Every structure is written in C-alpha cells, then in structure tokens.
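Student: below is the structure, and that's it, no one-letter string:
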C-alpha cells in the first residue's frame, strides 16, 4: 500500500493543482480497467473449460472493449466516455449472464455495485450520472422480468455453479473495495500535495527571488505576529548595507553584485543566532530582527559577524573581492516598530558617515 501511495505521489508531483483531478481520474480508471480485464480473463478461462460458447464470445467481446478503452481512450484522457463504457458493459454483461443462467444474488450484486459506485465516485454532471443510473436500473428490471418470463438457457452442475457464484461475488466485493481504497489513497495524496503546494507558494511569496532571504512583505507580517505573541520580550533591530555596492556593480557588473548579495545573505543565515530573522529590505539593504537580546549584546553579535565576514574569501571573475558591511542597530519597540526601524536606519547612516565597515548603535 505504501508503494502505491509513493507511485501516485510521484505522478501527482508532475501536475499543478489544477491538474490533480485529471490524474485522479486517470489512476482510478486505469485501475478499474485493469481489474475488469483480469475479471473477464478469469471468466473466459472458466467458461472455456466448460465449453460454454455464448459466454466465451461474450467475455472475448468484453476484453476487446476494455483493451480498446485502455489503449486509446486512457491515452486521450476521455474519462467520461471510459466511465460510460464501464457502466454500460457491466450492466449489459450482467443482463446477458442473467438471461443465460437466471437471476441470482451475484447478478443483483453486479447491478447494485454499479449504482453504489455512481454515488461513491461521482463524475460528470448530475444529470449524466442519473442517466447512466437509470440505464442500469432499466436493465436490472428487464433482467428480473426475463427471470419470470423465460427459464435459464443453461444450468450448470452444482459444483461448477458454486464456483461461478463464489467467483462472481469475490469479483464484486474486490472490485468495490479496490475502487474505494484507490479513491481514498488518491484523495489522501492529493490533500498532502495541496498542503505542500500551498506551503511552497507561501514560501515563494515570503522570500526574495534573488537571495532567498525573507522579503519586506513578510517582514510586515512577522512584526505583526511579534506584536501579538511576544509583547514582553526584548528585541533589537538592525539595518545592514553592503559597502561600496554601487562600485562593485559598476566595475565588476551586476551579475557579480547579485552574487555579493547572495553571499551576504548566506553568511548571515549561517552565522546569526537561530531566533534571529533576516529580511531583504530593498536593494543592498537587509533588516535583521534579533530576539531576546539587549542593545549592547546585539551590538556585540553583529560586530563579530561583521569582522568574520571581512575575513571570508569571495571570488568573482577570478579575483578576490573584499566585502564589508555597515550596520545600524537600535532597540526594537513593538509598540512603535517602524519608528525603531527608522532609528536603526539613521544609525546606519552614521556608520557610513564615519567611514563604513562598522556597527553603530549610539552606545
């Protein structure tokens, strides 16, 4: 069962959310056709051993219909037509079998199976399902009428009749269980795939496409969450700017500038504390929110990271590029978050005015 789930999940991973319904129909109907082919193969062998020619011909005809359906219609994804063929074939075969052997519980079961699956596995418009259901009911009524009007054409010996009845009941029960179980597995996998796709879409909406740092939109959401969940925790906020970034772009090109931003992002993501959050604020500026920390501690953490960044080698176009940053830090007041961000931005300006490559917090 786990193997089936893995296979279905692998198939679903190739489709968008809009395509999940198609792959669901594809898997369910492929399994249904495979089961019908196996069932009629068994019945063909059974009737061939008994040399019952009308049923041999009927089963060969059924197999031809299902092989054609599997070979051509499944590939063309004509799912509504496939379901119609399955319902009609099972109904007609049940009627023919009832005519040949008389109405038995297994024949009734075949008709009930069709009607139950119409309810459990809805597809198409409601009127279309009602039409197929009425077709099956009409054939069932006709089969019962034949049972009162005419005698069975064939009467099997008790032993063979017992095997035939038992086999039909098993086919009916297994067919229902398999179809329902496959439906449950697919719905479960689709649900997990929906969750994964939603998480993936949310992550894409919250992150910067170039650096994979959280973006400014998510920073606003994160700050709102902090205001609601952590009103009594000490925070600090820092604004980080890459020194002489315009010169890097002008001399080495924008592709190198992009690599510098990616390098800075990865470095901070690796060297900041686990609870600290990094956001790309815009251009070459990054915002950092540090949790459960005082201003002197935040100053020390960021200054250590700044010094280590300078000593970290970075190669661009076969030459070493010295990367340094300027940082402004301030206490983060959750009651006035954007005033705090403005204050750390002013501290960043002081850091740059004093020669860059430093952390300024006003201490």
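Tutor: On my side now, so go ahead. All values reported here derive from a predicted model rather than from experimental measurement.

Student: quick one: secondary structure of residue 152?
Tutor: Following DSSP: H, G, I helix; E, B strand; the rest coil, we place residue 152 in the coil state.

Student: and if you look at residue 362?
Tutor: coil.

Student: so what's the closest residue to it other than its chain neighbours up against?
Tutor: Distance criterion C-beta to C-beta, 6 or more residues apart in numbering; nearest residue to residue 362, sequence neighbours excluded, is residue 347 at 6.2 Å. Any C-beta I mention is one placed from the backbone N, CA and C, and that applies to glycine too. Going by C-beta atoms under 8 Å, 6 or more residues apart in numbering, residue 347 touches 239, 328-330, 360-362.

Student: type out the PyMOL command that picks the buried ones from the residues you listed.
Tutor: The buried residues among those can be selected in PyMOL (16 or more other C-beta atoms under 10 Å) with this line:
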select buried, resi 239+328+329+330+360+361
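
Student: among the contacts of residue 347, show me the least confident.
Tutor: Lowest-confidence member of the contacts of residue 347: residue 362, scoring 82 (pLDDT).

Student: coming back round to it: and whichever helix or strand the residue nearest to residue 362 is part of, what's buried?
Tutor: Residue 347 is located in helix 337-353, with elements delineated by DSSP states H and E. Using 16+ other C-beta under 10 Å as the burial criterion, the residues of helix 337-353 that qualify are 337, 340-341, 343-345, 347-348, 351-352.

Student: wait, which of these is closest to residue 309?
Tutor: residue 351 (14.4 Å; C-beta to C-beta).

Student: assess the claim that the closest one and residue 360 are in contact.
Tutor: Yes: counting by C-beta atoms under 8 Å, residue 351 touches residue 360, with 4.0 Å between them.

Student: give me the common contacts of those two.
Tutor: Joint contacts of residue 351 and residue 360 (C-beta under 8 Å, 6+ apart) are 326-328.

Student: out of these, which are inside strands?
Tutor: Members of these lying in strands (criterion: DSSP state E): 326-328.

Student: flag the shaky bits of the stretch 151-300 of the chain, pLDDT-wise.
Tutor: 169, 171-173, 175-176, 178-180, 182-183, 185-187, 189-190, 193-194 (pLDDT under 70).

Student: what ranges does it have for its helices?
Tutor: Assigned by DSSP state H, counting those that start in this stretch, the stretch 151-300 of the chain shows helices spanning 158-206, 216-229, 245-252, 254-271, 295-310.

Student: nearest to residue 97, of the ones you listed?
Tutor: helix 158-206 (8.3 Å).

Student: do you know how far residue 273 is from residue 66?
Tutor: Taking C-beta to C-beta, to the nearest Å as the measure, residue 273 falls 63 Å from residue 66.

Student: neighbour count: those two, which is higher?
Tutor: residue 66 (24 against 10; other C-beta atoms under 10 Å).

Student: and that one, what pLDDT?
Tutor: For residue 66, pLDDT reads 89.

Student: surely it is in contact with residue 38?
Tutor: No: at 9.9 Å, residue 66 and residue 38 do not qualify as touching, with contact defined as C-beta under 8 Å.

Student: out of the buried residues of helix 337-353, which two sit at the greatest distance?
Tutor: 337 and 352 (23.0 Å).

Student: ok, now which ones touch residue 352?
Tutor: The neighbours of residue 352, taking C-beta under 8 Å, 6+ apart as the test, are 241, 243, 326.

Student: top of these by number of neighbours, please.
Tutor: residue 326 (25 neighbours).

Student: excluding residues flanking it in the chain, which one is nearest it?
Tutor: Spatial nearest neighbour of residue 326, chain neighbours left out: residue 351 (4.2 Å); criterion: C-beta to C-beta, 6+ apart.

Student: can I get the contacts of residue 352 in CSV including distance to residue 195?
Tutor: Shown next, in CSV, are these (distance: C-beta to C-beta, whole Å):
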residue, distance to residue 195
241, 38
243, 43
326, 42
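
Student: which stretches of the stretch 1-150 of the chain form helices?
Tutor: According to DSSP H, counting those that start in this stretch, the helices that the stretch 1-150 of the chain contains are 2-12, 20-49, 53-68, 79-101, 105-120, 126-149.

Student: next, the angle from the third one to helix 79-101.
Tutor: For the pair helix 53-68 and helix 79-101, the angle between their directions (axes from the mean of the first three to the mean of the last three C-alpha atoms, to 10 degrees) equals 170 degrees.

Student: and helix 53-68, what does it pack against?
Tutor: helix 20-49, helix 79-101 (3 or more C-beta pairs under 8 Å, 6 or more residues apart in numbering; DSSP states H and E).

Student: so for the first one, what gets flagged as buried?
Tutor: Pointing back at helix 20-49 there. Neighbour-count burial for helix 20-49 flags 20, 23-29, 31-33, 35-37, 39-40, 43-44, 46-47 (criterion: 16+ other C-beta under 10 Å).

Student: before we move on, what about the shortest one?
Tutor: Of the residues in helix 79-101, those with enough neighbours to count as buried (16+ other C-beta under 10 Å) are 79, 82-101.

Student: what does stretch 259-270 give?
Tutor: So for stretch 259-270, counting by 16+ other C-beta under 10 Å, buried means 259-261, 263-265, 267-268.
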